[in-house]
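Asks: Generate coordinates for the sequence data below:
(2 chains)
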Amino acid sequence: MNAPVATGRFEAEEVDAWFGPKQVLRKVNLLIPERRITAVIGPSGCGKSTFIRCLNRMHELVPGARIAGRIRLDGENVYAPDVDPVLLRRRVGMVFQKPNPFPTMSIRDNVLSGLRLTGALDRSRAEAIVEQALRAAALWEEVKDRLGEPGVGLSGGQQQRLCIARTLAVSPEVVLMDEPCSALDPIATARIEDLLSELKARYTIVIVTHNMQQAARVSDRTAFFLTGELIEVAETDTLFTSPMDRRTEDYITGKFG
Amino acid sequence: MHPETRIRRRNERLFRLLCLGCLLLPLAMLAWLLGDLMIKAMPRLHMDFLSGYPSRRATDAGILPGMVGSLYLILLTMSLAMPVGVGAAIYLEEFGRRSRVAQVIEVNIANLAGVPSIIYGLLGLEIFVRVLGLGRSLLAGAATLALLVLPVIIMATREALRTVPDSLREAAVGLGATPWQVVRQVVLPQSMPGIMTGCILAVSRAIGETAPLVVIGALTFITFLPDGVLAPFTALPIQIFNWISRPQAAFAHNAAAGIVVLMGTLLLLNATAIYLRERMGRMQKGVH
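Replies: Numbering: from 1, shown residues only, chains lettered A, B, ... in the order given. Predicted structure coming up:
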């Protein structure tokens, strides 16, 4: 977790995406500034998860999925033919909706899994990396005495923070979060939200959520998606207090969704 | 009590008794069979029998070559069938999921599991014994049995791979793992217990097979132990089959004792596999 050289600024230009014949994103243009939290909101099926999965090229892993347009990370098109998606994903980490620690691994091994999977683990630094990553994920104090125990023995909220620690341990520039709190109780959610504001000093964070209060609480910028289109993007305060578009206003005031 | 309730309760009790009967009937028959077998086997079950070689006199005959032959045969069979079977399953499940070829192969593997074992024997005779020139050897026998149990291993492994949730594959991919790293470090450890179960089934099937070994020409009367994978051999079922077909009554006792040894060997092999599986399962739960 040394200070990243690159900054982690994403630019999406005219992005279209499909699942088979079904188009799920239409001409999305969105700038994601570095070291800030961008929230992506919208009703179910609006394409918000698909959008962030395009950022680390996981969308294309679904059979029949396609994408068009350009997505640049620090100015470099991530869909250029010479870009290795495997290497891209080490720069752009992802936290998923349901906590998914590896059941065959201990807490320690879960944190190190990214480095071990990719063969990049320096054994002499392992303990330091584990502590650093767990501290960054605000989990160290709770688990420091039982690092050898299985990761799946933790509570749901702790498991999700373990997954965050696992993502941070590979030193990404960007952390994508796909509704990271939707399977958690309010207390665990609050802990993750506190954590986010600490993380943005070092990482670019994109968080998908269908909880508008959460977007309002944690994010600097908010993008509103509807049926595959980006309707509006603005500073979070502006978007929630004086939205430009009628549909944004209807959504945030709870008229639909 | 409401009359309808009473009738329903009576019917439920009847149904439960019926199910219990279905369970007890085969168990009783099995117990009878085992009891009969043990009584017949008793006079011959001693160390001389276990460490002896075949003989024309029933009371001198031993089972050592059959026992050693079966053990070698199974170990060799599994070391051929396991890597190939698991590899094939990984290809079909992890890499070939989308292709039509994989679907065609899938249907055919299920069919292969139902092919009579003597057909495999004929195949083994032609390919391994004659074309590849392995002769009537341990290796030819093991290769034939490996073909026979491959479908079992492939199907069990695929089943086990399918139980690994996609969320774990996604987690690994999201961390920048290559497809091979995902399989090797996340999917395989997770599905190991299921794969072991498939191997136990495969061992149980292979150890009792007689027909294919007869076809490829396992010997029935050998007075030495195989000294390499190309040596001629015999196996427990062959030895038992041979004794049963003798007219003298004394050989029937040998056959019964041979069956007990066969079952003992099978239990031993399966117990080892189950032990390994449980140990791996415990490791997964983190109790080292």
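Asks: Around residue 60, count how many other residues there are.
Replies: Just going to use chain A. Using other CB atoms under 10 Å in any protein chain shown as the criterion, A:Glu60 is surrounded by 14 other residues. To be clear about C-beta, it is placed using only N, CA and C from the backbone, and glycine gets the same treatment.
Asks: my question was about chain B
Replies: 12.
Asks: Can I take it that it is in a strand?
Replies: No. B:Asp60: not assigned to a strand; according to DSSP: H, G, I helix; E, B strand; the rest coil it is coil.
Asks: Show the pLDDT at it.
Replies: Note for B:Asp60: predicted pLDDT of 82.
Asks: Please compute how far the helix or strand hosting B:Val101 lies from its chain's middle.
Replies: Element membership for B:Val101 (DSSP states H and E) is helix B:100-112. Here the centre of helix B:100-112 is set off from its chain's centre by 22 Å, with CA atoms, centre = their mean, to the nearest Å.
Asks: need the residues of the stretch 51-200 of chain A near chain B, please.
Replies: A:56, A:58, A:61, A:63, A:86-90, A:93-94, A:96, A:98, A:100-104, A:106, A:113-114, A:116-119, A:148-150, A:153, A:163, A:166-167, A:170 (CB under 8 Å from any CB of the partner chain).
Asks: Just the ones of the residues you listed in strands?
Replies: A:93-94 (DSSP state E).
Asks: Now list the buried members of the residues of the stretch 51-200 of chain A next to chain B.
Replies: Among those, those buried by neighbour count (16 or more other CB atoms under 10 Å in any protein chain shown) are A:56, A:58, A:86, A:88-90, A:93-94, A:96, A:98, A:100-104, A:106, A:113-114, A:116-118, A:149-150, A:153, A:163, A:166-167, A:170.
Asks: Following element in sequence after the biggest helix by length in chain B, please.
Replies: Using DSSP state H to define each element, chain B has its longest helix at helix B:3-41. Going down the chain from helix B:3-41, the next helix or strand is helix B:47-51, by DSSP H and E.
Asks: same for that next one, what does it pack against?
Replies: Applying 3 or more CB pairs under 8 Å, 6 or more residues apart in numbering or on different chains; DSSP states H and E, we find helix B:47-51 packed against helix B:64-90, helix B:250-284.
Asks: Could I get the average pLDDT for the longest one?
Replies: Which is helix B:250-284. 85.
Asks: need the residues of the stretch 51-200 of chain B near chain A, please.
Replies: B:97-98, B:165, B:167-168, B:170-178, B:181-182, B:185-186, B:189-190.
Asks: re earlier: in CSV, list the helices and strands packed on helix B:47-51 along with mean neighbour count.
Replies: CSV is the format used below for those (neighbours: other CB atoms under 10 Å in any protein chain shown):
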stretch, mean neighbour count
helix B:64-90, 21
helix B:250-284, 17
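Asks: Which of the ones you listed sits closest to A:Asn29?
Replies: Taking CB to CB, helix B:64-90 is the member of the helices and strands packed on helix B:47-51 nearest to A:Asn29, at 41.2 Å.
Asks: Next up, the contacts around A:Gly75.
Replies: Shown in contact with A:Gly75 (CB atoms under 8 Å, 6 or more residues apart in numbering or on different chains): A:Glu11.
Asks: just to revisit the earlier point, would you mind pulling up the elements that the following helix or strand past the helix holding B:Val101 packs against?
Replies: Following helix B:100-112 in sequence order, the next helix or strand is helix B:117-124 (DSSP H and E). With contacts taken as 3+ CB pairs under 8 Å, 6+ apart, helix B:117-124 sits against helix B:138-162, helix B:211-216.
Asks: hmm, which of the residues of the stretch 51-200 of chain B next to chain A are the buried ones?
Replies: Buried among those by 16+ other CB under 10 Å: B:168, B:170-178, B:181-182, B:185-186, B:189-190.
Asks: Restricted to helices, list those.
Replies: Short answer: these in helices (DSSP H) are B:168, B:170-174, B:181-182, B:189-190.
Asks: Quick check: next helix or strand after the helix or strand A:Gln213 falls within?
Replies: In this assignment (DSSP H and E), A:Gln213 forms part of helix A:212-218. Next in sequence after helix A:212-218, counting helices and strands by DSSP H and E, comes strand A:221-226.
Asks: Just the CA atoms of that next one, as PDB, please.
Replies: Included here for strand A:221-226 are C-alpha records, laid out as PDB according to Å, rounded to 0.1, in the frame of the first residue of the first chain:
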ATOM      1  CA  ARG A 221     -20.200  12.900  -6.500                       C
ATOM      2  CA  THR A 222     -23.300  11.000  -7.500                       C
ATOM      3  CA  ALA A 223     -24.300   9.600 -10.900                       C
ATOM      4  CA  PHE A 224     -27.900   8.700 -11.500                       C
ATOM      5  CA  PHE A 225     -28.700   5.900 -14.000                       C
ATOM      6  CA  LEU A 226     -32.000   5.000 -15.400                       C
END
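Asks: Compute the number of surrounding residues for A:Ala201.
Replies: 7.
Asks: So it belongs to a strand, correct?
Replies: No. Secondary structure of A:Ala201 (three-state DSSP): coil, not part of a strand.
Asks: what's the distance between the residue nearest to it when sequence neighbours are not counted and A:Ala126?
Replies: Leaving aside its sequence neighbours, A:Ala201 sits nearest to A:Arg35 (CB to CB, 6 or more residues apart in numbering or on different chains; 6.7 Å). When distance is defined by CB to CB, to the nearest Å, A:Arg35 is 28 Å away from A:Ala126.
Asks: that older thread, so which of the helices and strands packed on helix B:47-51 is nearest B:Arg9?
Replies: helix B:250-284 (40.2 Å).
Asks: Report all helices and strands that the closest one contacts.
Replies: Against helix B:250-284 (3+ CB pairs under 8 Å, 6+ apart) you get helix B:3-41, helix B:47-51, helix B:64-90, helix B:188-208, helix B:236-244.
Asks: For stretch B:59-79, output the C-alpha coordinates as PDB.
Replies: Extracted in PDB, the C-alpha atoms of stretch B:59-79 (Å, rounded to 0.1, in the frame of the first residue of the first chain):
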ATOM      1  CA  THR B  59      -6.100 -76.100   2.100                       C
ATOM      2  CA  ASP B  60      -2.700 -75.000   0.900                       C
ATOM      3  CA  ALA B  61      -3.900 -72.300  -1.400                       C
ATOM      4  CA  GLY B  62      -3.300 -68.700  -0.500                       C
ATOM      5  CA  ILE B  63      -4.400 -65.300  -1.800                       C
ATOM      6  CA  LEU B  64      -1.300 -63.200  -1.600                       C
ATOM      7  CA  PRO B  65      -0.800 -62.700  -5.400                       C
ATOM      8  CA  GLY B  66      -4.400 -61.700  -5.800                       C
ATOM      9  CA  MET B  67      -4.300 -59.300  -2.900                       C
ATOM     10  CA  VAL B  68      -1.100 -57.600  -3.900                       C
ATOM     11  CA  GLY B  69      -2.200 -57.700  -7.500                       C
ATOM     12  CA  SER B  70      -5.400 -55.900  -6.700                       C
ATOM     13  CA  LEU B  71      -3.700 -53.300  -4.600                       C
ATOM     14  CA  TYR B  72      -1.200 -52.500  -7.300                       C
ATOM     15  CA  LEU B  73      -3.900 -52.500  -9.900                       C
ATOM     16  CA  ILE B  74      -6.100 -50.000  -8.000                       C
ATOM     17  CA  LEU B  75      -3.200 -47.700  -7.100                       C
ATOM     18  CA  LEU B  76      -2.100 -47.700 -10.700                       C
ATOM     19  CA  THR B  77      -5.700 -47.300 -12.000                       C
ATOM     20  CA  MET B  78      -6.300 -44.300  -9.800                       C
ATOM     21  CA  SER B  79      -3.000 -42.600 -10.600                       C
END
